[in-house]
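Undergrad: Just need the structure, nothing else, for what follows:
(4 chains)
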Protein chains: 2
Amino acid sequence: MGKSARPATISDVAALAGVSVGTASKALNGRGSLRAETRQRVQAAAEQLGFQANAAARTLSSGRTYTVGMITTDTIGRFSIPLLIGVEDALGAGRMSVFLCDGRDDPIREQYYLKTLLSRRVDGIIVTGRHARPRPPIGSGLPVPVVYAFVSSTDPEDCSVVADEAGGARKAIDHLLAVGRRRIAHVTGPEHHHSAVVRSSAAIEQLAEAGLQPAGPPLFGEWSEAWGRRAVGMLLATAGEFDAVFCGSDQVARGVTDALRAAGRRVPEDVAVVGFDNWDVMVLGCQPPLTSVDMNLEGLGRAAADLLLTAINGEPSPGPHVRPCRLVVRESTTVPVDSQPAG
Amino acid sequence: MGKSARPATISDVAALAGVSVGTASKALNGRGSLRAETRQRVQAAAEQLGFQANAAARTLSSGRTYTVGMITTDTIGRFSIPLLIGVEDALGAGRMSVFLCDGRDDPIREQYYLKTLLSRRVDGIIVTGRHARPRPPIGSGLPVPVVYAFVSSTDPEDCSVVADEAGGARKAIDHLLAVGRRRIAHVTGPEHHHSAVVRSSAAIEQLAEAGLQPAGPPLFGEWSEAWGRRAVGMLLATAGEFDAVFCGSDQVARGVTDALRAAGRRVPEDVAVVGFDNWDVMVLGCQPPLTSVDMNLEGLGRAAADLLLTAINGEPSPGPHVRPCRLVVRESTTVPVDSQPAG
DNA sequence: GTGAAAGCGCTAACAA
DNA sequence: TTGTTAGCGCTTTCAC
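TA: The predicted model follows:
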């Protein structure tokens, strides 16, 4: 069973079945009207030869490639994965294949990929990235539809699917208020980071709506556990009392939680902690497991792919499409009913 | 600048330049011999029309698609990313594009993808997966070369690129011995998991070579922090004294480290801890940062892609290609020189 | 119900 | 040096 020299073509199939290529084509694609017997004979021949229609040839006549390109702005990473899976999921069902292009934060590389994808005549393009901040459009007047997933374009006419991060932050605050917290601090990532700012402002606004001030100014730092730990030192030193910390990411939240425990504060009895991202490994590894905001990136990827498919079919949906976040409650904010009452 | 109705074809270019398509083709591909002036005129016309050669048409005549398929056995995840990046890196340089196919641990899905890729006439296929255990070949007598990356095939003739996990485990043990540890315990993942077994046996053998016994039998459990924490309870309860723990993964190692500290044992002064995978977020989030074994998955992906490229060019390299692991030393095994001497 | 033939966009061999 | 032409494998009219 060596390597077959050459994949079977439709004329091989036609010859074996004793029909013309036109007839074979109809038989294999269920088009035209043929005798059932002929159809079967062709299918049997195709089966026997292991025939797989040459996609390039098909593309050439149909004009459709049934492929889409996915370009990541920055490098492929933790955030891209669920998006990728969602996209793959929605497209795979529609028998479309995905070209993966790793932009590496390099605009030149990105444009190179764009050219390649266009020369491959992809039916559409999905652009993603780790940073939610609106980015310049990848191109203008492109011959195929483009959907931005998680990121959005600075051109408000471009189709994008983004998470309602502000809404997520508000849900986090509402939850903390609902479990009786009133002195809520906020620790998050870099001040120049779009998501940090959006989440932070939304949290503060939501507190204000409840007539509350945050427990101290928001602490901007990095997206790391180490920063979360350091921030707790600052909170303990400078802030007054606080009974909750809303964090801009799960990593920060985990650092905060660890440092609080190390400082003798119980989570959640003394201080409740909420994270953001609902990153399984962080959220479940944490002691106790973290309550966190989930942006449903996989659903977002799926939605982006669906919008792309409908755009490919001639029904574009321009503009931003905002999708809600979901709060996943765990033990960092709620004492389990069967646990020891707080001393 | 609306959507251009139809991408320019080479005959558009030829017409605009006032030459025949054959001449245009030569001019654009730098073949044949043409007057420099003609060449330039064609190139200018192509530029003006934004001409991008139709890849499908090119494929049809040349037989090459300059695409490869990458099939993940299980779902795309943490382990696939560095592999993907490596593959992308090595292939992108050679102007090849990658079709990403998420197998989801579903053999039917996998075969569906295989068919799709073959019908797209990819030049080659890379198969990856999270589990290093050898897997059944994805197909036999395939018309294109296949390289397994990180995983290997049960057919020893199949080309695969794998990490020397046993060697990595031995390096970890050697390091612990070098920093003076003699009573080394081992905590790892599920007993039915190939990597757990390989790493574990290699560690025990290496200890034996040094004339040592492990501190208690290896503890098999899960790949989670929670298990690492529980395991420490077992070690403290049942094992005698121990001055180091070699862990089968960074997550386990982190759980172990946290639990040791909670139990009043200092890391690394009282107990040194080594992880496996060198997963940045785990290794750096840990207190203190974890010494860990790095399998260099990105390099592995690059190597797999390079082997695939040479196989595509007619020089296959059958059989397994084993690549060394690297030990990355951090503070979980070595006291920084400028730190407080142990009390 | 089936076959013949044109054409998708490009390359490459051959003619001019 | 340039143009003409025959495919590459498939789909799709249009005759038969």
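Undergrad: how about the residues of chain A near DNA strand C?
TA: Contacts of chain A with DNA strand C, taken as C-beta under 7 Å from any atom of the strand, map to A:18-23, A:26, A:32-35, A:37-38, A:57, A:60-61, A:63. Placement of C-beta: from N, CA and C, glycine included.
Undergrad: Those, buried ones only, as a PyMOL selection?
TA: A single PyMOL command selects the buried members of the residues of chain A next to DNA strand C (16 or more other C-beta atoms under 10 Å in any protein chain shown):
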select buried, chain A and resi 19+23+26+34+38+57+60
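Undergrad: does any part of stretch A:266-273 sit near chain B?
TA: No - using C-beta under 8 Å from any C-beta of the partner chain, we find that stretch A:266-273 stays clear of chain B, coming within 13.9 Å at best.
Undergrad: quick one: contacts of that stretch?
TA: Residues outside stretch A:266-273 that contact it (C-beta atoms under 8 Å, 6 or more residues apart in numbering or on different chains) are A:176, A:179, A:181, A:242-245, A:247, A:253, A:256-257, A:260-261, A:265, A:288, A:290-291, A:331-335, A:342.
Undergrad: And for stretch A:34-44?
TA: The contact list for stretch A:34-44, computed with C-beta under 8 Å, 6+ apart, reads A:13, A:14, A:17, A:18, A:19, A:23, A:24, A:26, A:27, A:28.
Undergrad: Could you do stretch A:102-122 as well?
TA: Residues contacting stretch A:102-122 (C-beta under 8 Å, 6+ apart): A:59, A:63, A:65, A:67-69, A:71-76, A:99, A:101, A:125, A:129, A:138-139, A:142-144, B:7, B:52-56, B:84-85, B:88-89, B:92, B:95, B:97.
Undergrad: same thing with stretch A:229-247?
TA: Contacts to stretch A:229-247, defined as C-beta under 8 Å, 6+ apart, come from residues A:169, A:172-173, A:176, A:181-188, A:203, A:215-216, A:219, A:221, A:228, A:252-253, A:255-256, A:258-260, A:263, A:270-276, A:333, B:287.
Undergrad: just to revisit the earlier point, just the buried subset of the contacts of stretch A:266-273, please.
TA: A:176, A:179, A:181, A:242-245, A:247, A:253, A:256-257, A:260-261, A:265, A:288, A:290-291, A:331-335.
Undergrad: out of these, which are inside helices?
TA: A:176, A:253, A:256, A:257, A:260, A:261 (DSSP state H).
Undergrad: Going by distance to residue A:322, which of those wins?
TA: Nearest to residue A:322, judged by C-beta to C-beta, of those is residue A:176 at 23.1 Å.
Undergrad: correct me, but the closest one touches residue A:184?
TA: Yes - between residue A:176 and residue A:184 a contact is recorded at 5.6 Å, counting by C-beta atoms under 8 Å.
Undergrad: taking the contacts of stretch A:229-247 one by one, which sit in strands?
TA: Members of these lying in strands (criterion: DSSP state E): A:184, A:185, A:186, A:187, A:188, A:219, A:272, A:273, A:274, A:275, A:276.
Undergrad: Tell me the bridge partners for the fifth one.
TA: Just to be clear, that refers to residue A:188. residue A:220 (DSSP bridges).
Undergrad: and it, how many residues sit next to it?
TA: Residue A:188: 29 surrounding residues under other C-beta atoms under 10 Å in any protein chain shown.
Undergrad: How is chain A partitioned into domains?
TA: As given by automatic domain parsing, the domain ranges for chain A are A:10-53, A:65-163+A:296-323, A:165-295.
Undergrad: Same list (the ones you listed) but as TSV, adding mean pLDDT and distance to DNA strand D.
TA: Listed next are the domains of chain A as TSV, based on pLDDT from 0 to 100; distance: least, C-beta to the nearest atom of the strand, whole Å:
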stretch	mean pLDDT	distance to DNA strand D
domain A:10-53	94	3
domain A:65-163+A:296-323	94	12
domain A:165-295	97	40
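Undergrad: How far off centre is the one helix or strand residue A:26 maps to?
TA: In this assignment (DSSP states H and E), residue A:26 forms part of helix A:21-29. Taking C-alpha atoms, centre = their mean, to the nearest Å, one finds the center of helix A:21-29 at 41 Å from the center of the full chain.
Undergrad: residues in contact with that helix?
TA: In contact with helix A:21-29 (C-beta under 8 Å, 6+ apart) are residues A:10-11, A:13-14, A:17, A:19, A:31-32, A:34, A:38-39, A:42-43, A:45-46, A:51, A:53.
Undergrad: Could I have the buried ones of those residues as PyMOL selection syntax?
TA: Burial among the contacts of helix A:21-29 is assessed by 16+ other C-beta under 10 Å; the matching PyMOL selection reads:
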select buried, chain A and resi 10+13+14+17+19+34+38+39+42+43+45+46+51+53
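Undergrad: The contacts of helix A:21-29 in strands, which ones?
TA: Among those, no member lies in strands (by DSSP E).
Undergrad: so which of the ones in strands among the contacts of stretch A:229-247 comes closest to DNA strand C?
TA: If you rank those by distance to DNA strand C using C-beta to the nearest atom of the strand, residue A:276 comes first, at 47.5 Å.
Undergrad: Buried ones in stretch A:213-230, by neighbour count?
TA: A:214-216, A:218-230.
Undergrad: meant to ask about stretch A:64-84, not that
TA: For stretch A:64-84, burial by neighbour count (16+ other C-beta under 10 Å) applies to A:65-76, A:79-84.
Undergrad: so residue A:162 makes contact with residue A:147?
TA: No - judged on C-beta under 8 Å, residue A:162 makes no contact with residue A:147 at a distance of 11.0 Å.
Undergrad: before we move on, the earlier item: which of the contacts of helix A:21-29 fall in helices?
TA: Among the contacts of helix A:21-29, DSSP H puts A:10, A:11, A:13, A:14, A:17, A:38, A:39, A:42, A:43, A:45, A:46 in helices.
Undergrad: Among those residues, which pair sits farthest apart?
TA: A:11 and A:39 (17.5 Å).
Undergrad: Find the helix or strand that residue A:91 is a member of.
TA: Per DSSP H and E, residue A:91 falls inside helix A:80-93.
Undergrad: List the neighbouring strands of the helix or strand following that helix plus their orientation.
TA: Downstream of helix A:80-93, the first helix or strand assigned by DSSP H and E is strand A:97-102. Strand A:97-102 has the following strand partners under DSSP bridges: strand A:67-72 (parallel), strand B:97-102 (antiparallel).
Undergrad: Would you mind measuring the gap between the ends of stretch A:205-220?
TA: 17 Å (C-alpha to C-alpha, to the nearest Å).
Undergrad: can you give me the offset of it from its chain's centre?
TA: 29 Å.
Undergrad: got a list of contacts for it?
TA: So stretch A:205-220 is contacted by A:169-170, A:173-174, A:177, A:182-191, A:196, A:200, A:203-204, A:231, A:234-235, A:238-242 (C-beta under 8 Å, 6+ apart).
Undergrad: pretty sure residue A:8 contacts residue A:49?
TA: Yes - the criterion here is C-beta under 8 Å, and residue A:8 meets it with residue A:49 at 3.9 Å.
Undergrad: Give me the neighbour count for the residue in the stretch 201-343 of chain A that DNA strand C sits nearest to.
TA: Residue of the stretch 201-343 of chain A nearest DNA strand C, by C-beta to the nearest atom of the strand: residue A:312 (17.8 Å). Neighbour count for residue A:312, taken as other C-beta under 10 Å: 20.
Undergrad: Please report the distance of it from residue B:220.
TA: In this view, residue A:312 and residue B:220 are 50 Å apart by C-beta to C-beta, to the nearest Å.
Undergrad: check contacts around residue A:172.
TA: Contacts for residue A:172 were tallied using C-beta under 8 Å, 6+ apart; they are A:203, A:246, A:274, A:276, A:291, A:293, A:327.
Undergrad: Repeat that for residue A:202.
TA: Per C-beta under 8 Å, 6+ apart, neighbours of residue A:202: A:165, A:166, A:167, A:168, A:169, A:170.
Undergrad: same thing but 7 Å
TA: Neighbouring residues of residue A:202 by C-beta atoms under 7 Å, 6 or more residues apart in numbering or on different chains: A:166, A:169, A:170.
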